[in-house]
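Q: give me a 3D structure for the following:
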Amino acid sequence: MYLSSSIATNIPIIASVGAIVSGIFILLLFRPAWAFSALFLSLMIGQTLRLPITGQGGGILISDIVIPIVALSLFFAVVVRNKPLTVSKSSTFYGICIFPFLLYSFLLLALHERALGIHSFAIAFLYWVRLFGVLLVFPMAAMFGSVKSGKEFIRKGFVSTYWMLITLGYMQIFIFPSLVGNINGWDPHIHRMISTWFDPNFFGAFIVIGMMPALYWSRFKIPLFVLSCGALLLTASRSSWIACIAAMLVTGCFFFLTTSLSQAWKKAIHVFIVICILLVVTISGVFSDRVVKLFTHDPTVSIRTEAYKEVWRRMVEPNIVFGVGYNAYQFSAKDAGLIQDFSIHSRAGSDNSIITLLVTTGIIGTALFLIPILFGLYWHAASWILSSRKESLLYIWSAIALLVHSQFENSLLYPHLLIPFLLISALVSI
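A: Modelled structure (predicted):
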């Protein structure tokens with residue numbers, strides 16, 4: 001009786017909220033630009049809002065809800081409003097490359113349904129659906145970017161998102177510098193920049209992946225470069241530092257080997273070298289403990305090395321051909337005695353994306369997943385070498401950063417990293 005009266009009392013409020021949500025949904029459907037704005041907003045919100053899944057460290061992210069809306073908005077734009085949006089050749093080829101992985105990983109998961117049990121299978125399937133949606137970001141961005149105004153909108157949206165997240169990071173480091181208390185399964189990081197993502201390693205990877213594209217598309221490059229480098233230092237993420245150095249070396253090699261340098265470029269290189277030296281000195285002074293541990297066998301490295309050996313012996317080797325099913329890592333790890341708590345955020349994979357893919361999809365699925373990224377590297381490298389296409393260097397930078405970082409974290413399968421990477425990939429391919 002009390003419950004019924006409570007519901008009756010709150011009917012006006014429920015109806016008002018429902019009307020507002022429905023109105024926003026309809027507006028987003030008929031305005032692709034607004035739908036993409038919601039996608040950028042979901043990246044800014046990061047991990048601060050999500051719908052929890054019982055017994056899981058993860059949950060339903062805002063981006064999980066927004067991506068289908070973006071897809072529907074593009075459908076309505078083309079079918080209902082006759083907008084001149086087209087499917088590019090790059091999107092078609094991307095679809096040809098990624099479809100085999102999606103099909104193969106789904107079939108593997110279906111084959112493991114009985115072994116997993118209906119509850120575990122349902123959770124793994126939900127994460128497969130998430131990956132499917134995230135991978136749609138490339139063709140959706142390419143379609144909206146097929147018109148000049150759409151491409152410019154996505155470019156500005158990405159740049160704004162990048163600098164807003166870094167700004168929020170600087171605010172967080174002063175206002176909320178500590179995660180002590182293991183908040184909602186997150187590691188207790190202290191005095192490290194996490195912004196709204198709650199993980200300094202993933203946020204550091206985002207800074208690196210988006211750094212060169214954001215600077216290239218921004219007007220005030222020098223102050224923004226300083227801000228992004230400062231943010232990267234404050235993450236204290238060694239994996240992100242290594243990814244940045246690797247991206248810098250590979251992209252620099254492509255640039256210098258194929259460019260006839262003018263006097264202006266030589267001066268710019270001198271300035272760049274000075275900045276790099278200053279950064280190295282700053283890192284060595286402020287983060288001396290973590291820098292020393294890059295070259296020594298510290299306890300963190302020891303633990304991770306031993307974990308790799310255990311995961312390889314007890315999970316990779318027995319499942320090297322067909323895997324245990326996409327995103328079923330945590331259930332297999334529990335059976336192997338490697339984890340006990342599903343509420344922690346590191347439960348869904350190892351600290352290496354390739355190992356995670358090998359465990360869950362086997363060697364065939366791993367190869368299928370990497371094909372689009374590696375072919376993209378080949379195509380953009382050829383575009384730069386043959387026609388000096390500057391935007392191709394942006395893809396090379398981002399792809400190398402992501403691939404290198406994924407050797408230390410589960411970056412290749414992290415949605416908030418895949419979305420920016422796919423947006424960059426689409427922008428430089430159209």
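
Q: list the buried residues of stretch 89-100.
A: Going by neighbour count (16 or more other Cβ atoms under 10 Å), the buried part of stretch 89-100 is Ser90, Ser91, Tyr94, Gly95, Cys97, Ile98. (Each C-beta comes from the backbone N, C-alpha and C, glycine too.)

Q: near the closest residue to Ile190 other than its chain neighbours, how many other residues are there?
A: Closest residue to Ile190 apart from its sequence neighbours, by Cβ to Cβ, 6 or more residues apart in numbering: Ser178 at 4.9 Å. Residues lying near Ser178 (other Cβ atoms under 10 Å) number 11.

Q: and what of Leu394?
A: 24.

Q: contact partners for it?
A: Met212, Pro213, Tyr216, Ile424, Val428 (Cβ atoms under 8 Å, 6 or more residues apart in numbering).

Q: tell me which element it falls in.
A: With elements taken from DSSP states H and E, the one containing Leu394 is helix 390-405.

Q: for stretch 192-208, which positions count as buried?
A: Buried, per 16+ other Cβ under 10 Å, within stretch 192-208: 192-208.

Q: what does stretch 212-225 give?
A: Residues Met212, Pro213, Ala214, Leu215, Tyr216, Trp217, Ser218, Leu224, Phe225 are the ones in stretch 212-225 that count as buried (16+ other Cβ under 10 Å).

Q: relative to Thr48, which of these is nearest.
A: Ala214 (21.8 Å; Cβ to Cβ).

Q: what's the nearest residue to the closest one if we skip its chain neighbours?
A: Ala214's closest residue in space is Tyr162 (Cβ to Cβ, 6+ apart), at 4.2 Å.

Q: what strand or helix carries that neighbour?
A: Using DSSP H and E, Tyr162 sits within helix 148-175.

Q: what does Cys229 give?
A: helix 221-235.

Q: that helix packs against which elements?
A: Packing partners of helix 221-235 (3 or more Cβ pairs under 8 Å, 6 or more residues apart in numbering; DSSP states H and E): helix 148-175, helix 200-216, helix 238-257, helix 263-286.

Q: against Ala71, how distant is Glu152?
A: Going from Glu152 to Ala71 by Cβ to Cβ, to the nearest Å gives 21 Å.

Q: more neighbours: those two, which one.
A: Ala71 (18 against 13).

Q: tell me the mean pLDDT for the top helix by length along the chain?
A: When the chain is parsed with DSSP state H, its longest helix is helix 353-387. For helix 353-387, mean pLDDT rounds to 88.

Q: what is it packed up against?
A: For helix 353-387, the packing partners by 3+ Cβ pairs under 8 Å, 6+ apart come out as helix 89-111, helix 238-257, helix 299-311, helix 329-335, helix 390-405.

Q: wait, which of these is closest to Leu413?
A: Closest of these to Leu413 is helix 329-335, at 9.7 Å (criterion: Cβ to Cβ).

Q: report pLDDT for the residue nearest to Ala214.
A: pLDDT at Tyr162 comes out at 97.

Q: pick the most buried one from the helices and strands packed on helix 353-387.
A: Each of the helices and strands packed on helix 353-387 was scored by mean neighbour count; the highest is helix 390-405, a mean of 24, by mean count of other Cβ atoms under 10 Å.

Q: next structured bit after that one?
A: For helix 390-405, the following helix or strand on the C-terminal side (DSSP H and E) is helix 415-427.

Q: buried residues in that following helix, which are they?
A: Using 16+ other Cβ under 10 Å as the test for burial, helix 415-427 gives 415-427.

Q: check contacts around the closest residue in space to Ile45 that isn't next to it in sequence.
A: Spatial nearest neighbour of Ile45, excluding adjacent residues (Cβ to Cβ, 6+ apart): Ile62 at 5.3 Å. Going by Cβ under 8 Å, 6+ apart, Ile62 touches Leu41, Ser42, Ile45, Leu49, Arg50.

Q: now, of the residues you listed, which are buried?
A: Using 16+ other Cβ under 10 Å, the buried ones in the contacts of Ile62 are Ser42, Ile45, Arg50.

Q: from what I can see the second one touches Phe198, true?
A: Spelled out, that is Ile45. No - Ile45 is beyond contact range of Phe198, at 11.6 Å (criterion: Cβ atoms under 8 Å).

Q: for the residue nearest to Ile190, grab phi and psi.
A: phi -130, psi 140 (degrees, to the nearest 10).

Q: now do it against Gln47, distance only.
A: For Ser178, the distance to Gln47 - Cβ to Cβ - is 16 Å.

Q: ditto for Val134
A: 15 Å.

Q: and what of Arg192?
A: 15 Å.

Q: equivalent analysis for Leu126, please.
A: From Leu126 to Gln47 the distance is 17 Å (Cβ to Cβ).

Q: quick one: which of the helices and strands packed on helix 221-235 is nearest Ser120?
A: Nearest to Ser120, of all these, is helix 200-216, at 24.9 Å by Cβ to Cβ.

Q: packing partners of the closest one?
A: Judged by 3+ Cβ pairs under 8 Å, 6+ apart, helix 200-216 is in contact with helix 148-175, helix 221-235, helix 238-257, helix 390-405, helix 415-427.

Q: residues of the first one that come out buried?
A: Taking 16+ other Cβ under 10 Å as the basis for neighbour counts, the residues of helix 148-175 that come out buried are 150-151, 153-155, 157-159, 161-166, 168-169, 172-173.

Q: same for it, what does it pack against?
A: Partner elements for helix 148-175 (3+ Cβ pairs under 8 Å, 6+ apart): helix 32-45, helix 137-144, helix 200-216, helix 221-235, helix 415-427.
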